[in-house]
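Novice: build me a model:
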Amino acid sequence: MTAGGPVGRFVTFEGIEGCGKTTQLARLAERFRREGVHVTTTREPGGTELGWQLRAILLRPTETPMCAMAELMLYAADRAQHLTEVVQPAIDRGEVVLCDRYIDATLAYQGHGRGIDLATIHDLHRRPPLDLRPTRTILLDIDAEAGLSRARRRDDGVVAEREGRFEAEEIEFHERVRGGYLELARCEPRRFRVVDGSDGADEVARRVWNAIADEGRP
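Specialist: The predicted model follows:
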C-alpha cells in the first residue's frame with residue numbers, strides 16, 4: 001500500500017448496534033491519512049443537512065411505531081441525497097469514502113429485521129443514484145446480546161431519548177439483523193469481509209486494516 005494510492009473508492013462499515021463500527025471507521029480514516037490517502041468519512045442516516053433531519057425522525061423513539069415501508073422510504077431518501085451530495089462527488093475527486101452504514105443496513109434491518117421482502121429493497125436500489133455499490137464492506141460481527149448491552153451502556157439519557165429507537169427493540173430483532181448481515185456476507189464474499197468485533201479496539205483495528213489491505217486492494 002503506497003502513500004497517495006487509495007486502496008479503494010467506497011468502503012462501508014456495517015454491523016448491529018454496539019459492534020464498534022463508528023470507532024473503527026474513524027481509526028481507519030486516521031491510518032489512511034497518515035499514509036497520505038485523501039479520505040471522506042460520512043454516515044447514514046445523517047450525512048447531509050437533509051439527512052440530519054431524516055435521522056431525527058428515523059432514530060427518535062416514538063409512542064406510535066413507524067411502519068416498515070415508511071422506514072424504508074425515509075432511509076432511501078436519505079441515501080439518495082447523500083449519494084448525490086457527498087459520496088459520488090468524493091469518489092469523482094479520487095478520494096476513499098468511508099461510510100458508516102449503507103444499503104446492507106437496509107437489507108439487514110428493514111429486510112431481515114422488519115420482514116420487508118428483500119426483492120423490494122433491491123428493486124428500489126436499482127435506480128440511480130441508489131444503484132452505487134461499495135468496493136468493500138467491513139462487517140463487524142458481535143453477539144447480538146453483547147452488542148446491544150454495549151450500545152445501551154454507551155447511550156446516556158439524552159442520546160437514548162434522541163436516537164435510541166433501535167436500541168429499544170427486543171433482542172430477537174437484533175438477532176434477526178445479525179443473521180441477515182451474515183447471510184448477506186455469505187452471498188457476496190468478494191465484497192464483504194467479516195471481522196470479529198468482540199475484542200479490544202486495537203486488535204479489531206488490526207483486523208480491519210488486514211481486511212482492507214488483503215491483496216493490496218479492497
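Novice: so where's this structure uncertain?
Specialist: Within the chain, the segments meeting pLDDT under 70 span 1-8, 155-163, 215-218.
Novice: please enumerate the strands of it.
Specialist: 10-14, 39-43, 96-100, 136-141, 192-196 (DSSP state E).
Novice: could those strands be laid out in CSV, adding mean neighbour count and distance to Gln24?
Specialist: Backbone N, C-alpha and C define where each C-beta goes, glycine included. As requested, these are exported to CSV (neighbours: other C-beta atoms under 10 Å; distance: least, C-beta to C-beta, whole Å):
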stretch, mean neighbour count, distance to Gln24
strand 10-14, 26, 7
strand 39-43, 19, 12
strand 96-100, 24, 10
strand 136-141, 24, 6
strand 192-196, 20, 8
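Novice: I'd like those as CSV, with distance to Trp52 appended.
Specialist: Below are those laid out as CSV (distance: least, C-beta to C-beta, whole Å):
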stretch, distance to Trp52
strand 10-14, 19
strand 39-43, 10
strand 96-100, 14
strand 136-141, 24
strand 192-196, 29
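Novice: Thr23: neighbour count?
Specialist: When neighbours are defined as other C-beta atoms under 10 Å, Thr23 has 15 of them.
Novice: OK, contacts around it?
Specialist: Thr23 makes contacts with Ala201, as judged by C-beta atoms under 8 Å, 6 or more residues apart in numbering.
Novice: what of Met66?
Specialist: Taking C-beta under 8 Å, 6+ apart, we find Met66 in contact with Leu58.
Novice: same check on Gly147?
Specialist: Gly15, Ile16, Glu17, Gly18, Cys19, His174, Arg178, Gly197.
Novice: can we see that at 6 Å?
Specialist: Gly147 is in contact with Ile16, Glu17, Gly18, Cys19, counting by C-beta atoms under 6 Å, 6 or more residues apart in numbering.
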